[in-house]
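Participant: sequence and computational prediction follow.
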Amino acid sequence: HSDASKGAQRFLPMVAGRFERFFYARKKRAEEGRMMKGFKKTFCGVLAAMTLGLSATSVAEDAVGWPEKADLKFGFIKLTDMAPLAIAYEKGYFEEEGLFVTLEAQANWKVLLDRVIDGQLDGAHMLAGQPLGATIGYGTEAHIITAFSMDLNGNGITVSNSVWEEMKKHIPSKDGKPVHPIKADTLKPVVEQYKDAGKSFKMGMVFPVSTHNYELRYWLAAGGLNPGYYAPHKGDTSGQLQADVLLSVTPPPQMPATLEAGTIHGYCVGEPWNQQAVFKGIGVPVITDYEIWKNNPEKVFGVSKGWAEEYPNTHVRVVKAMIRAAKWLDENNNANRPEAVKILSRPNYVGADYDVIANSMTGTFEYEKGDKRDIPDFNVFFRHNATYPYYSDAIWYLTQMRRWGQISESKPDSWYMDIAKKVYRPDIYTQAAKSLIAEGKMSADEFPDFASEDGFKPPQSEFIDNVTYDGRKPNEYLSKFPIGLKDGDTL
């Protein structure tokens, strides 16, 4: 048919160019001793399509459509929860979507966000609070969106050895080991000792809008310690107003060294930097975020709104590849985790020792040296609908921004919903998931029921203070806390 012939004429040069890049990428990785699996199958498929001269509509386009941009650069921070990006690359899931991706470690979260905003990066592994904070104008203002949640849990709070020795005096034990979860009530007497001695008690977190900041603040406040307030309307973004504990920013890989130097007395960070403190013998992780808020959302994959609008097919295909990577990471009861740890230990990814990463990523977590406990869900990438961008997750972060003053004035419940819908994009996720289902790569029962899903999880009560969170009622939620700003409060 003439139409098919014309389609093929447009299609074949495009396929040939992409195939050339595909071949080069696979050849390069083969030379580096990495995977070559699936190359023959893909080669034969593309070659057959070119030989038969099939039309653009029958081969070049599926329900999603060809990616508008195929060569992509994504940023990440050296943390184990960047794993979906690494696995999507290493297992060829990006390439199967016609995407040729470069992954590049970034110096810190601010640099990473700025490079997404100015277009140096097409997208990035982000703190869940970053797209929200940028969109509402806290810090660098830009409209960032996310259609993919990268993981649940994965963080911990570590204190120095000297602080731990003092905390232990107030922690009950069973069979010679501390009873977990350890609440901040046991830290309070230590902080008071520092105050009596005229010293400040200092802790590190990774970024003002990071999960780590909010989790550390939540834990401290639940134990009766005020972590301090922000007052951007007064030009004060220190987050230390009225604080019992002074919190400050330290990039994740630098946390152990900063603790060892005595600059801070503890920190909240993602793995492997809590386990690194155990291996180096410089500190003790006292609690995981799984114990602060069971199955809490952690990182997201973020892109600018403008980028998403310019490259919609590309965006959906990126999400497809990362969904498959997340599933691979969790399938068969984490059977693939040892291989994932081996990949992540490479210097171009996390670059920590295999044993350090494996200590938390293979279903265990070591607190005090030798006190290793089973926490199968410490890192979750796909189970519990971990990849779905729930509005209720976004709203929880916004409530914490309001609780600690990053949002200076009260907002109606409708405002929280409006911002969540601007930033979190389950519609894009749903398109990607349905495409995977149609292709037979995933099954419908592995996802939420898209016909009835409204973006809100049921009310959650598994917090360390047993306060129930209902994402539909943010102001009511804020009113439940003895420490923190509430409706009508302004510093």
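Facilitator: Received the coordinates, thanks.

Participant: so which helix or strand of the chain has the lowest pLDDT on average?
Facilitator: helix 39-52 (a mean of 40; mean pLDDT, DSSP states H and E).

Participant: just the buried positions in the helix or strand following that one, please.
Facilitator: The element immediately downstream of helix 39-52 (helix or strand, assigned by DSSP states H and E) is strand 71-76. Judged by neighbour count (16 or more other Cβ atoms under 10 Å), strand 71-76 contains these buried residues: 72-76. The way it works is simple: take the backbone N, C-alpha and C, and place the C-beta from them, glycine included.

Participant: want to throw those into a markdown table with pLDDT?
Facilitator: As requested, the buried residues of strand 71-76 are arranged in a markdown table below (pLDDT from 0 to 100):
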| residue | pLDDT |
| --- | --- |
| 72 | 98 |
| 73 | 98 |
| 74 | 98 |
| 75 | 98 |
| 76 | 98 |
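
Participant: where does the prediction get shaky in this structure?
Facilitator: Counting by pLDDT under 70, the chain contains low-confidence residues at 1-62.

Participant: just say helix, strand or coil for the closest residue to residue 281 other than its chain neighbours.
Facilitator: Spatial nearest neighbour of residue 281, excluding adjacent residues (Cβ to Cβ, 6 or more residues apart in numbering): residue 369 at 6.9 Å. Secondary structure assignment for residue 369 (DSSP: H, G, I helix; E, B strand; the rest coil): coil.

Participant: against residue 160, how distant is residue 369?
Facilitator: Going from residue 369 to residue 160 by Cβ to Cβ, to the nearest Å gives 14 Å.

Participant: what does residue 180 give?
Facilitator: According to Cβ to Cβ, residue 180 stands 19 Å off from residue 160.

Participant: returning to that earlier point: for the residue nearest to residue 281, list the residues it contacts.
Facilitator: Residue 369 makes contact with 278, 281, 284 under the criterion Cβ atoms under 8 Å, 6 or more residues apart in numbering.

Participant: any idea how far the second one lies from residue 208?
Facilitator: Applying Cβ to Cβ, the value for residue 281 to residue 208 is 30 Å.

Participant: who's more crowded, those two?
Facilitator: Higher neighbour count among residue 281 and residue 208: residue 208, with 25 against 10, using other Cβ atoms under 10 Å.

Participant: all strands for the stretch 151-300 of the chain, in order.
Facilitator: 152-153, 155-160, 173-174, 177-178, 202-205, 229-231, 236-241, 246-249, 266-270, 283-288, 299-304 (DSSP state E, counting those that start in this stretch).

Participant: ranking the ones you listed by burial, who's on top?
Facilitator: Of all those, strand 266-270 carries the top mean neighbour count, a mean of 29, counting by mean count of other Cβ atoms under 10 Å.

Participant: that one packs against which elements?
Facilitator: In terms of contacts (3 or more Cβ pairs under 8 Å, 6 or more residues apart in numbering; DSSP states H and E), strand 266-270 is packed against strand 155-160, strand 202-205, helix 211-222, helix 255-260.

Participant: want to throw these into a markdown table with distance to residue 273?
Facilitator: Below are the helices and strands packed on strand 266-270 laid out as a markdown table (distance: least, Cβ to Cβ, whole Å):
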| stretch | distance to residue 273 |
| --- | --- |
| strand 155-160 | 8 |
| strand 202-205 | 10 |
| helix 211-222 | 10 |
| helix 255-260 | 5 |
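
Participant: with residue 317 as the reference, name the closest of the ones you listed.
Facilitator: Closest to residue 317 of those, according to Cβ to Cβ: helix 211-222, at 27.2 Å.

Participant: what's that closest one in contact with?
Facilitator: 127-129, 155, 157, 183-184, 187, 203, 205-207, 226-227, 239, 244-245, 247, 268-270, 287, 289, 292-293, 296-299, 397, 400, 403-404, 463-465, 481-484.

Participant: now swap in stretch 449-460 and tell me
Facilitator: Contact partners of stretch 449-460, identified using Cβ under 8 Å, 6+ apart, comprise 293-294, 388, 390-393, 420, 424, 426, 430, 433-434, 468-472.

Participant: which ones are touching residue 140?
Facilitator: Neighbour list for residue 140: 110, 113-114, 117, 134 [criterion: Cβ under 8 Å, 6+ apart].
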